[in-house]
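In: Give me a 3D structure for the following:
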Amino acid sequence: MSEKNRDGKRTARERLAVEREKQKSAEKRRRVLIVGASVVCVLGLAAVIGVVAANSGKDSKSESAGPVVAPSGAQGKDSLAIPVGEESAKSTLTVWEDFRCPACQSFETNYRSTIHELTAAGKLKVNYHLATIIDGNMGGSGSRHAANAAACAQDAGKFTAYHDVLYENQPQETDDAFAKNSRLIELAEKVDGLDTPTFRTCVEDGTHNSWVVKSNEAFQSGGFGGTPTVLLDGKNIYQDQTMTPAKLKQMVEAADKA
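Out: Below you'll find the model as predicted:
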């Protein structure tokens, strides 16, 4: 083979090697760009997810944002108790309730007439505290909306009557019907003089939502086992298996005579 041919083949091989190196470099750059773009997409997606999550959190809390507005006449620490009955009564019943709670409805059904009798006679004062544990357990916002509406009824001097109507018309625990303001306003029609523009605005604006949230936080930090929690002068009587409406009446009347 002539020297010229050998030089030609060697030059061709060198050109081929150089071209292969160029292709390898190009492929390497392409892979780097793909990986880089993928990382950017993942980071971009993470950023989008973060923004969506943040906004979602804001939306879920928006109804409970704003100043804490206690209902008219609320008493106790941070004005979280709605009082019913005479201030001079010798016995005080403290009740923690959730309007979506079936056990609370059962308690109200069994004890309501006795409690009304004792408060009307000036022998018993009841401090109602509102909780929203069913919202947390089952999802939804009916407990909070109903509690806000009950606080609006307190503003109108109609708490007791509306409180009773809510329990008389309590939906199934899994049914978040009380989350609808229209339903809460509809039930207000059952209470004479409650369904007014002022009440409707209070319900629809969630005037006392932040107060309800604060009340529920107090319940959670109170170390209570659940709702209802019923304390007579500080003693948990709901845990007393022997407790009956008749026994409660006897205890309150004995304290009144003491």
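In: now the strands for this protein?
Out: For the chain, the strands defined by DSSP state E cover 82-84, 91-97, 124-130, 229-232, 235-236.
In: Nearest to Asn216, out of these?
Out: strand 124-130 (7.5 Å; C-beta to C-beta). Yep, even glycine has a C-beta here, placed from its N, CA and C like the rest.
In: So what are the sheet partners of the closest one and their directions?
Out: Strand pairing for strand 124-130, using DSSP bridges, gives strand 82-84 (antiparallel), strand 91-97 (parallel).
In: Can you add distance to Asp155 and mean pLDDT and give those strands back as JSON lines?
Out: Converted to JSON lines, the strands paired with strand 124-130 look like this (distance: least, C-beta to C-beta, whole Å; pLDDT from 0 to 100):
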{"stretch": "strand 82-84", "distance to Asp155": "10", "mean pLDDT": "98"}
{"stretch": "strand 91-97", "distance to Asp155": "19", "mean pLDDT": "98"}
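In: Just send the strands of the chain back as CSV, with distance to Glu217 too.
Out: Shown next, in CSV, are these (distance: least, C-beta to C-beta, whole Å):
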stretch, distance to Glu217
strand 82-84, 17
strand 91-97, 12
strand 124-130, 11
strand 229-232, 15
strand 235-236, 20
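In: Could you point out which of these sits nearest Asp256?
Out: Short answer: strand 91-97, nearest of these by C-beta to C-beta, at 6.9 Å.
In: what sits up against the closest one?
Out: By C-beta atoms under 8 Å, 6 or more residues apart in numbering, the list of residues contacting strand 91-97 from outside reads 81, 104, 107-108, 115, 118, 123-131, 219, 222, 224, 227-234, 251-252, 255-256.
In: Report the contact partners of Thr244.
Out: Taking C-beta under 8 Å, 6+ apart, one finds nothing in contact with Thr244.
In: got it, and Val84?
Out: 119, 125-128, 159-160.
In: can you rerun that using 7 Å?
Out: Taking C-beta atoms under 7 Å, 6 or more residues apart in numbering, we find Val84 in contact with 119, 126, 128, 159-160.
In: Thanks again, I'm all set now.
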